[in-house]
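Engineer: need coordinates for the following:
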Amino acid sequence: MLSSLQSVFKIHELRTRIFFTLGILIVYRIGSHITLPNVNPEALMSFFDQAGGGGLFGLYDMFVGGVFSRATIFALGIMPYISASIIIQLLGAVMPYFQRLQKQGQEGQRKITQYSRYGTVAISLMQAYGVSVFIESITTNQGLPVVPNPGWSFRIMTMIILASGTVLIMWFGEQLTERGVGNGISLIIFVGIIARFPNSVLDEWQQLIGDNRSLIVEVALLAVMVTCIGFVTMLTQGTRKIPVQYAKRVVGRKIYGGQSTHIPLRVNTAGVMPIIFAQSLMFVPQTITSFFPDSEIMGLVNIYFNMNSGVYQVVYALLIIFFTYFYTAIAFNPVDVADNMKKHGGFIPGVRPGKKTAEYIDNILTRVTLPGSFFLALVAVLPYFIIKFTNVSYSYASFFGGTSLLIIVGVALDTLQQMESHLLMRHYDGFMKGGKIKGRR
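Structural biologist: This is a model prediction of the structure:
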């Protein structure tokens with residue numbers, strides 16, 4: 001491993017990509033500490049401390065690395081771009097126009113990216129307006145307003161700054177993907193989540209030295225975290241390989257095909273999207289009940305659909321299982337795979353090409369997705385049990401499961417694999433083997 005890390009900086013292209021990635025991420029973190037004009041950051045932080053780390057805003061703040069609770073110029077983070085991309089992707093499953101764009105190769109992808117950018121700007125402006133109104137309404141327990149001079153001038157200025165910040169982050173992500181290492185959007189989310197880890201560890205250390213937490217509990221939590229990371233890694237990397245054989249074809253004097261390969265069906269094809277969709281739906285009841293504060297029925301709904309409720313966690317887990325199958329059906333189409341195999345002379349041994357092949361792949365995908373969906377639901381609700389039985393903070397418990405842990409493991413593995421591919425192309429040993437230089441640089 002150490003030899004492979006040394007080899008990374010011996011390759012000029014890889015070294016340049018790594019330094020470019022670090023430079024962009026440093027600029028992003030600097031911008032994450034620039035507060036919006038006409039905002040009292042101390043009063044805002046005091047409000048979030050009093051409200052606790054959970055809830056809708058606490059979850060959003062976790063994804064953007066704490067910049068929302070500080071009302072910085074990057075307060076919206078990259079989430080509007082992700083929302084726009086999800087909308088475009090879902091439209092591709094129901095609208096023929098977007099389906100045609102998805103099949104037009106690079107030209108179609110360029111138009112899809114353009115529509116995603118337009119959608120990002122529109123969503124950013126709407127969210128920025130909601131954020132400005134929300135910040136204006138906040139006052140601390142001491143009666144201190146977060147915005148000393150509210151009004152439309154503040155709202156318009158906030159909308160322009162926050163939307164511009166999101167567009168800049170979107171550009172950062174595209175540049176990282178093209179000229180850096182790893183997926184740019186994922187890296188930005190990854191850095192935002194990791195940025196909160198040192199403060200969470202420091203809080204736990206203060207709890208330990210203050211005799212509020214026993215050493216045995218902390219060691220047990222550490223063991224649980226390591227175990228969770230190992231299982232999430234297995235979930236992320238797990239695949240079911242379906243063997244595929246290609247028939248030989250004679251074209252002129254050349255013979256094509258005849259080789260054997262496989263179709264890798266991932267245990268978790270949907271990634272973190274089921275958790276994101278489920279969380280979005282679970283916040284709907286709380287949003288509706290906020291409009292009827294005096295209703296007894298809505299009060300009961302608010303109690304049962306609170307994040308600290310067992311009913312909330314059960315419904316949340318069931319939604320994750322449902323959306324795992326839903327998003328897998330969108331992301332992987334067995335009919336298209338079977339048709340492409342048939343066009344190129346490929347077949348699964350013992351299965352007839354065409355419709356039978358699609359049904360065979362679909363049956364295997366359904367069976368593989370079942371344990372993946374259950375494990376995904378377990379990972380998502382694990383922070384609830386960590387908080388319930390150990391009384392740790394929400395910020396610290398989020399590293400034991402849920403979307404944050406899946407993103408951290410997934411992005412780390414993806415970035416590591418890209419770096420390893422650069423090493424192998426230059427005849428260096430990868431991270432999995434380590435060792436000495438095999439050939440040229």
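Engineer: contacts, neighbours, all on C-alpha from now
Structural biologist: Will do.
Engineer: what's the burial count for residue 126?
Structural biologist: Residue 126: 14 surrounding residues under other C-alpha atoms under 10 Å.
Engineer: in stretch 24-44, what's buried?
Structural biologist: 24-25, 28-29, 31-33, 35-36, 39-41, 43-44 (16 or more other C-alpha atoms under 10 Å).
Engineer: ok, then the element right after the least confident helix or strand in the chain by mean pLDDT?
Structural biologist: Lowest on mean pLDDT, DSSP states H and E among the helices and strands of the chain sits helix 55-63, with a mean of 60. Helices and strands here follow DSSP states H and E; after helix 55-63, the next one along the chain is helix 79-94.
Engineer: what comes up buried for that following helix?
Structural biologist: Residues 79, 80, 81, 82, 83, 84, 85, 88, 89, 90, 92 are the ones in helix 79-94 that count as buried (16+ other C-alpha under 10 Å).
Engineer: could you dump these into JSON lines with distance to residue 328 added?
Structural biologist: Formatted as JSON lines, these follow (distance: C-alpha to C-alpha, whole Å):
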{"residue": "79", "distance to residue 328": "21"}
{"residue": "80", "distance to residue 328": "23"}
{"residue": "81", "distance to residue 328": "21"}
{"residue": "82", "distance to residue 328": "18"}
{"residue": "83", "distance to residue 328": "18"}
{"residue": "84", "distance to residue 328": "19"}
{"residue": "85", "distance to residue 328": "16"}
{"residue": "88", "distance to residue 328": "16"}
{"residue": "89", "distance to residue 328": "13"}
{"residue": "90", "distance to residue 328": "12"}
{"residue": "92", "distance to residue 328": "14"}
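Engineer: and these as a markdown table, adding pLDDT and distance to residue 391?
Structural biologist: Shown next, in a markdown table, are the buried residues of helix 79-94 (pLDDT from 0 to 100; distance: C-alpha to C-alpha, whole Å):
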| residue | pLDDT | distance to residue 391 |
| --- | --- | --- |
| 79 | 80 | 29 |
| 80 | 86 | 33 |
| 81 | 87 | 34 |
| 82 | 80 | 32 |
| 83 | 81 | 33 |
| 84 | 86 | 36 |
| 85 | 83 | 37 |
| 88 | 84 | 40 |
| 89 | 77 | 39 |
| 90 | 76 | 39 |
| 92 | 78 | 44 |
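Engineer: of those, which pair is most distant in space?
Structural biologist: Distance extremes for these: the farthest pair is 79 and 92 at 19.9 Å, using C-alpha to C-alpha.
Engineer: and the top helix by length along the chain, which residues are buried?
Structural biologist: The residue-count maximum for a helix in the chain (DSSP state H) belongs to helix 355-390. For helix 355-390, burial by neighbour count (16+ other C-alpha under 10 Å) applies to 357-358, 360-362, 365, 368-370, 372-384, 386-387.
Engineer: packing partners of that helix?
Structural biologist: Helices and strands touching helix 355-390, by 3 or more C-alpha pairs under 8 Å, 6 or more residues apart in numbering; DSSP states H and E, are helix 215-237, strand 260-266, helix 310-331, helix 334-343, helix 394-397, helix 402-425.
Engineer: looking at these, which one has the lowest mean pLDDT?
Structural biologist: Per-segment mean pLDDT for those reaches its minimum on helix 394-397, at a mean of 68.
Engineer: specify the local secondary structure of residue 150.
Structural biologist: Put simply, residue 150 is coil when judged by DSSP: H, G, I helix; E, B strand; the rest coil.
Engineer: OK, contacts around it?
Structural biologist: Contact partners of residue 150, counting by C-alpha atoms under 8 Å, 6 or more residues apart in numbering, are residue 136.
Engineer: okay, it and residue 39: tell me how far apart.
Structural biologist: Separation of residue 150 from residue 39 (C-alpha to C-alpha, to the nearest Å): 9 Å.
Engineer: show me where pLDDT drops low in the stretch 151-300 of the chain?
Structural biologist: For the stretch 151-300 of the chain, applying pLDDT under 70 flags the ranges 248-258, 280, 283, 286-287, 290-291, 293.
Engineer: which residues in it form helices?
Structural biologist: Secondary structure of the stretch 151-300 of the chain, counting by DSSP state H, counting those that start in this stretch: helices at 152-179, 184-194, 197-209, 215-237, 273-289, 296-304.
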